[in-house]
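S.K.: Provide a 3D model corresponding to the input given below.
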Amino acid sequence: MSSQNHTKIVKRLVLLVVGMFGFGFAMVPLYDVFCDITGLNGKTSNTSAELAKVIDVNRDVTVQFITQNGAGMPWLFEPEINQIVVNPGIMTTVNFRATNLSSNDIVGQAIPSVAPGLAANHFNKTECFCFQEQMLKGGETVNMPVTFYVNAELPKDIKEVTLSYTLYNVTDKVAEVN
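M.R.: Model (predicted):
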């Protein structure tokens, strides 16, 4: 092989690496757009929803609640109830309880997810502790409400919806900003 062939191969490999690197950066925004369009992944909005316009009292939907802590989060975090049956369009409030098990002040941020993913666009929160960071002093316990309704346009074959929260320790990130 001549040095000219080696140069061509090296240039192609460098272009390939640069292209892969750029594609990696583009994946997150592309994924977010894909999820917004399709309603997949169970992502919910981080802003409050408007009030329901249609109520369907002839239909029941079971809403289940699941919580988990991100790595290194020393809080006890759980819903007061594990599930509730609601009618689409009717506002419902469920409380979650968080206890900081450490002696340090910790800032937490809850990230919601809805399953099945197609239900995410029909699950509307008008008030949620997930809209903002939560600061708990060492040993402190708080009740954190989420007020929601299931949109009456939820596909009829979806009879169960799971609202899941993962709680992360964002104390260091908050300290960097301040």
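S.K.: where does the protein have low pLDDT?
M.R.: In the predicted model of the chain, residues 1, 25-52, 175, 177-178 satisfy pLDDT under 70.
S.K.: what about the most centrally placed residue in it, distance to Cys128?
M.R.: Averaging the C-alpha coordinates of the chain gives a centre point, and the residue nearest to it by CA atoms, centre = their mean is Pro112 (2.8 Å). Here the distance between Pro112 and Cys128 works out to 7 Å (CB to CB, to the nearest Å). For every residue, glycine as well, the C-beta is placed using N, CA and C.
S.K.: just Thr162 next, same as before
M.R.: 16 Å.
S.K.: more neighbours, these two?
M.R.: Neighbours were tallied for Thr162 and for Cys128 using other CB atoms under 10 Å; the higher tally belongs to Cys128 (23 against 17).
S.K.: I'd like to know how many residues surround the spatially closest residue to the more buried one that is not a sequence neighbour.
M.R.: Across the structure, with CB to CB, 6 or more residues apart in numbering as the measure, the residue nearest Cys128 apart from its sequence neighbours is Val146 (4.6 Å). Val146 is surrounded by 22 other residues when neighbours are defined as other CB under 10 Å.
S.K.: got the contact list for Ala152?
M.R.: Contact partners of Ala152, counting by CB atoms under 8 Å, 6 or more residues apart in numbering, are 52, 54-56, 59, 88-89.
S.K.: farthest-separated two in those residues?
M.R.: Using CB to CB, the two most remote members of the contacts of Ala152 are Ala52 and Arg59, lying 13.1 Å apart.
S.K.: can you list residues touching both of the two?
M.R.: Contact criterion CB under 8 Å, 6+ apart; residues bridging Ala52 and Arg59 by contacting each: 88, 152.
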